[in-house]
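> sequence below, structure please.
(2 chains)
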2 protein chains.
Amino acid sequence: MAELHPFDRAMTFEPADGALRGRTLPEWANMVGPFGGITAAAVLRAIETHPDRRGEPLALTVNYLAPIVDGEFRIAARAVRTNRSNQHWQVELSQDGEPKTTATAVFAAQRDTWSDSELMMPEASAPESLPAPDAPAMVVWIGNYDLRFVEGAIPGPDDGPNPSSTTTLWVRDRRGRALDHAALAAQCDIFYPRTFLRLGAFGPAGTISFTVYFHADSAELAAVGDDYVLGSTRANRFTGGYFDQSAELWSRSGTLLATTHQLVYYKA
Amino acid sequence: MAELHPFDRAMTFEPADGALRGRTLPEWANMVGPFGGITAAAVLRAIETHPDRRGEPLALTVNYLAPIVDGEFRIAARAVRTNRSNQHWQVELSQDGEPKTTATAVFAAQRDTWSDSELMMPEASAPESLPAPDAPAMVVWIGNYDLRFVEGAIPGPDDGPNPSSTTTLWVRDRRGRALDHAALAAQCDIFYPRTFLRLGAFGPAGTISFTVYFHADSAELAAVGDDYVLGSTRANRFTGGYFDQSAELWSRSGTLLATTHQLVYYKA
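The predicted model follows:
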């Protein structure tokens, strides 16, 4: 039997006391604990597979309370309210009874109505024309992705500070897994900390709170398939050890798939 | 005895069964239920006044599950985790045992470290040079604010559709109440729905999920005092009955006080 894709293995849960039991995987290791994007994806998948779930993901906010240690975790998801047109969720991921991640989410069915994309996709060379980074990945989980930097690549040892925190990149699953909402949630956290780029040096940094607004429905994600997605991010203000980072993710054909925001802790 | 300011009356709670009891006020009435900004402020204030609270607000996400009806409500706030440098909160606002609003928040003490504001304040004429809107306010709560539109004013009956969803405005408390984090949270929700501007017509619209990243600490807010704050907002994509709206709020001297994002339901 073919082995499951590492993303799908990270989304494999068993029922456990009215909740789900999952586990960290070495393929998704970050500096400390797992990649925040895979944790967000797991939280979303726990809702998606819940029998009470109605509709598709619309909004997700994940709060990272404490590092997840290697091993098993428990995810408890609860529909707090189901309205006619949407559904509100609360989720807690814990280890040994200790809360590590909390989340809220909104699910809904999109309706046919007036629509418009006001934000325009940034200009970018085709991903095939851009080289893959030649430096080894800083952390294990990056190996799951094929990244092509358009602007704001990970600084090398000889790069100095940079006046702009903007990174624009193409990203796709390295093994050709097709995009779905959980995978899109993970890709919303694909960008390395903006302090690294601004200061031209690595340092402690970690996401504290992470929000994704899903604009694409399943049909739009199916149209992307396993193609590259263009992501562009920037920070607004760095102060007192915290900065905010906003990003947009686009299909190659210019569909705005998601907008995402996060608050990040840093030391400099 | 002088009467409390309507904002502070909306933040007046009594202890009730390990939680807080508050009430809606006619001064903050929206189309349906209270102004979402005052609800967000109440949730934040419930944390700020909690005996377990440490530090100042850093991030707040409020989910609007169902309309709050006129009358009393209960706010239960709980510190889910207190770390060395930050604290994570969960809050539920309910009426008659029914959850109406859920929220998560992060509090922290800012540290002295490398800082920078990358986003620049948009150009705007001084608020004193701009007229107050001459149309009566659409909803009661707007009467608590002095608004001066720089761009993207509320459309009048003869205005047609608009290609841009951007609104830039000055806002201050009409009675000269000084800014604090709760008042800033409310002002982050000051902007009317972007569909009104794009379509040139009012229609059903309501915030579903609302996030604020607080960049200003108490000292920066004290420096603003009761002066005008410049806010600028825009939507990215309208689809399937939902759009996202991002905004920034600035002091007159150019300090980025907060960045804020919301997901909004609309009919068109």
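
> show me the contacts for the residue nearest the centre of chain A.
For chain A, the residue nearest the mean C-alpha position is A:Ala186 (2.6 Å; C-alpha atoms, centre = their mean). Neighbouring residues of A:Ala186 by C-beta atoms under 8 Å, 6 or more residues apart in numbering or on different chains: A:Phe7, A:Phe35, A:Gly37, A:Ile38, A:Ala40, A:Ala41. (Each C-beta comes from the backbone N, C-alpha and C, glycine too.)

> my read is it is in a strand, agree?
No: read with DSSP: H, G, I helix; E, B strand; the rest coil, A:Ala186 is helix and lies in no strand.

> for it, report the pLDDT, please.
At A:Ala186, the model reports a pLDDT of 98.

> chain neighbours aside, what residue packs nearest to it?
In space, and not counting its chain neighbours, A:Ala186 is closest to A:Gly37: 3.6 Å by C-beta to C-beta, 6 or more residues apart in numbering or on different chains.

> which residues does the one you found contact?
A:Gly37 neighbours (C-beta under 8 Å, 6+ apart): A:Trp141, A:Ala185, A:Ala186, A:Gln187, A:Cys188, A:Asp189, A:Ile190.

> surely A:Glu248 and A:Thr255 touch.
No: taking C-beta atoms under 8 Å as the definition, A:Glu248 is not a contact partner of A:Thr255, at 11.0 Å.

> and the two? Which one has more around it.
A:Glu248 (24 against 19; other C-beta atoms under 10 Å in any protein chain shown).

> so the more buried one sits in a strand?
Yes: A:Glu248 sits within a strand when classified using three-state DSSP.

> and it, what does it touch?
A:Leu119, A:Gly231, A:Ser232, A:Thr233, A:Leu256, A:Ala258, A:Thr259, A:Thr260, B:Asn236.

> ok, now A:Phe13?
Counting by C-beta under 8 Å, 6+ apart, the residues that A:Phe13 touches are A:Leu20, A:Arg21, A:Gly22, A:Ala42, A:Arg45, A:Ala46, A:Thr49, A:Ile75.

> correct me, but A:Thr101 touches A:Leu93?
Yes: if you go by C-beta under 8 Å, A:Thr101 and A:Leu93 touch, sitting 4.0 Å apart.

> can you check which residues contact both of the two?
With C-beta under 8 Å, 6+ apart, A:Thr101 and A:Leu93 have common neighbours A:Thr39, A:Val43, A:Ile68.

> any idea which element the second one lies in?
The secondary structure element spanning A:Val43 is helix A:36-48 (assigned by DSSP states H and E).

> now the helix or strand following that helix, how far from the chain's geometric center?
Note on helix A:36-48: by DSSP H and E, the next helix or strand toward the C-terminus is strand A:56-64. Relative to its chain's centre, strand A:56-64 lies at 10 Å (C-alpha atoms, centre = their mean, to the nearest Å).

> sheet partners, orientation included, of strand A:56-64?
Sheet partners assigned to strand A:56-64 using DSSP bridges are listed as strand A:98-108 (antiparallel), strand A:205-214 (antiparallel).

> what's the neighbour count on the residue of the stretch 51-200 of chain A found nearest chain B?
Chain B sits closest to A:Gln110 of the stretch 51-200 of chain A, with a gap of 2.5 Å, by C-beta to the nearest C-beta. By other C-beta under 10 Å, the residues close to A:Gln110 number 21.

> OK, contacts around it?
A:Glu56, A:Asp217, B:Thr239, B:Gly240, B:Gly241, B:Tyr242.

> so which of these sit within strands?
Judged by DSSP state E, the contacts of A:Gln110 include A:Glu56, B:Thr239, B:Tyr242 as members of strands.

> top of these by number of neighbours, please.
B:Tyr242 leads the ones in strands among the contacts of A:Gln110 on contacts (other C-beta under 10 Å) with 26 neighbours.

> which residue ranges of the stretch 51-200 of chain A form helices?
A:181-187, A:194-199 (DSSP state H, counting those that start in this stretch).

> for A:Thr12, which of these is the nearest?
helix A:181-187 (12.0 Å; C-beta to C-beta).

> distance between the closest one and the chain's centre?
Worked out by C-alpha atoms, centre = their mean, helix A:181-187 lies 5 Å from the chain centre.

> could you dump that helix to PDB, C-alpha only?
In PDB, the C-alpha atoms belonging to helix A:181-187 read as follows (Å, rounded to 0.1, in the frame of the first residue of the first chain):
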ATOM      1  CA  HIS A 181      -8.500  24.300   2.500                       C
ATOM      2  CA  ALA A 182      -6.300  22.700   5.100                       C
ATOM      3  CA  ALA A 183      -3.300  22.800   2.800                       C
ATOM      4  CA  LEU A 184      -4.100  26.400   2.000                       C
ATOM      5  CA  ALA A 185      -4.200  27.300   5.700                       C
ATOM      6  CA  ALA A 186      -0.700  25.800   6.000                       C
ATOM      7  CA  GLN A 187       0.600  27.700   3.000                       C
END
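
> buried residues in it?
A:His181, A:Ala182, A:Ala183, A:Leu184, A:Ala185, A:Ala186, A:Gln187 (16 or more other C-beta atoms under 10 Å in any protein chain shown).
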